[in-house]
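K.L.:
How does the following fold in three dimensions:
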Amino acid sequence: MTGQAGTDHHIGMIVPSSNLTMETELPRMLRAREGADPGDRFVFHAARARMQHVTPEQLRAMNAQADRAAAELADARPDVVATACLVAIMAQGPGFHCTAEDSITAVLRAEGSHAPVVSSAGALLSGIAALGAKRVALITPYMQPLTQAVVDYLQDAGVQVVDSLSLEVPDNLAVARLDPADLREHWRKLDLTGADALVLSACVQMPSLAAVEAVQRDCGLPVLSAATATTFRILSELGLATNVPGAGELLSGRYTDPARAAA
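P.N.:
Now for the predicted structure:
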């Protein structure tokens with residue numbers, strides 16, 4: 001809806017039932033953008049898929065609910081839809097973000113919605129590529145086997161992971177309650193030798209926004225997260241400049257989304 005006060009952009013989100021951070025950090029970033037550019041405003045609509053513990057079984061069960069959640073969001077006629085659980089997609093094997101995005105797109109089209117679809121998994125790959133990074137280090141809240149699934153997924157896509165840190169928190173609500181200030185010390189446990197960028201949180205549930213700028217200053221590398229990369233893709237799909245104050249290099253407005261360039 002366009003008027004003198006600006007344009008409202010409606011963002012649909014498919015989130016795990018226990019996810020708190022997707023509905024906190026993305027709105028926080030886009031509210032900051034509204035402050036810098038009040039011509040665009042952002043409205044959020046969420047559909048939930050049941051998941052309490054980050055286990056392979058619950059991740060698969062959550063993925064099976066994506067079509068139902070997409071159909072519900074279609075009723076709100078969003079301008080873009082983002083599906084939020086990175087590891088639920090990456091744990092299914094290389095390239096699965098394309099399958100997940102296509103499946104959700106098909107449901108939306110069947111329900112009369114023309115919204116483009118963004119996944120946090122695909123967004124992280126796009127964000128890394130936009131920065132021109134070939135080698136990254138990353139931090140996850142996952143148990144080690146799921147972190148390895150993320151590492152394998154990135155490496156299959158051509159991104160070398162030089163080091164990773166697993167915080168090993170299996171309860172998804174507990175992940176949301178992790179203090180992002182701790183990331184200012186966690187990253188120091190990584191060997192950043194040869195890294196082009198640092199993924200401070202490879203999980204949209206692990207809070208990191210409050211630490212992104214500080215860690216970027218301290219480590220001297222571009223810092224991104226699953227949440228900042230998802231915001232980057234959302235803005236790109238909306239045809240808007242990808243600039244958000246205080247959200248790291250990827251959202252500085254200086255980078256082109258390779259996923260859009262290839263479309």
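K.L.:
can I assume Ala121 is in contact with Leu86?
P.N.:
Yes. The pair Ala121 / Leu86 is scored as a contact, 4.8 Å apart, by CB atoms under 8 Å. The way it works is simple: take the backbone N, C-alpha and C, and place the C-beta from them, glycine included.
K.L.:
So these two - more neighbours on which side?
P.N.:
Shown here are Ala121 and Leu86; by other CB atoms under 10 Å, Ala121 has more neighbours (33 against 28).
K.L.:
Got the phi and psi for that one?
P.N.:
Main-chain torsions, Ala121, degrees, to the nearest 10: phi -70, psi -50.
K.L.:
tell me the average confidence for the helix or strand in which Leu235 is found?
P.N.:
Taking DSSP states H and E as the criterion, Leu235 maps to helix 226-237. Across helix 226-237, pLDDT averages out at 96.
K.L.:
by contact count, what packs against it?
P.N.:
Under the contact criterion of 3 or more CB pairs under 8 Å, 6 or more residues apart in numbering; DSSP states H and E, helix 226-237 touches helix 22-36, strand 80-83, strand 117-119, helix 120-130, strand 197-201, helix 209-219, helix 258-262.
K.L.:
which residues are contacting the shortest one?
P.N.:
Residues from elsewhere that reach strand 117-119, judged by CB atoms under 8 Å, 6 or more residues apart in numbering: 80-83, 86, 89, 97, 100-101, 104-105, 108, 230, 233-234, 237.
K.L.:
before we move on, what about stretch 183-199?
P.N.:
By CB under 8 Å, 6+ apart, stretch 183-199 touches 124, 128, 131-139, 162-165, 167, 200-201, 208, 211, 214-216, 218-219, 221-226.
K.L.:
centre of the chain versus that stretch, how much separation?
P.N.:
19 Å (CA atoms, centre = their mean, to the nearest Å).
K.L.:
Okay, buried residues for it please.
P.N.:
Leu183, Arg184, His186, Trp187, Leu190, Leu192, Ala195, Asp196, Ala197, Leu198, Val199 (16 or more other CB atoms under 10 Å).
K.L.:
any idea how far the fourth one lies from Leu138?
P.N.:
For Trp187, the distance to Leu138 (CB to CB, to the nearest Å) stands at 10 Å.
K.L.:
so what sits against both of these two?
P.N.:
Common neighbours of Trp187 and Leu138 (CB under 8 Å, 6+ apart) are Leu165, Leu198, Leu200.
K.L.:
picking that back up, quick one: which of the helices and strands packed on helix 226-237 is nearest Ile14?
P.N.:
Nearest of the helices and strands packed on helix 226-237 to Ile14, taken as CB to CB: strand 80-83 at 4.2 Å.
K.L.:
partners of the closest one, with directions?
P.N.:
Applying DSSP bridges, strand 80-83 is found paired with strand 6-16 (parallel), strand 117-119 (parallel).
K.L.:
winner for burial among these?
P.N.:
Among the strands paired with strand 80-83, strand 117-119 has the highest mean neighbour count (mean count of other CB atoms under 10 Å), at a mean of 28.
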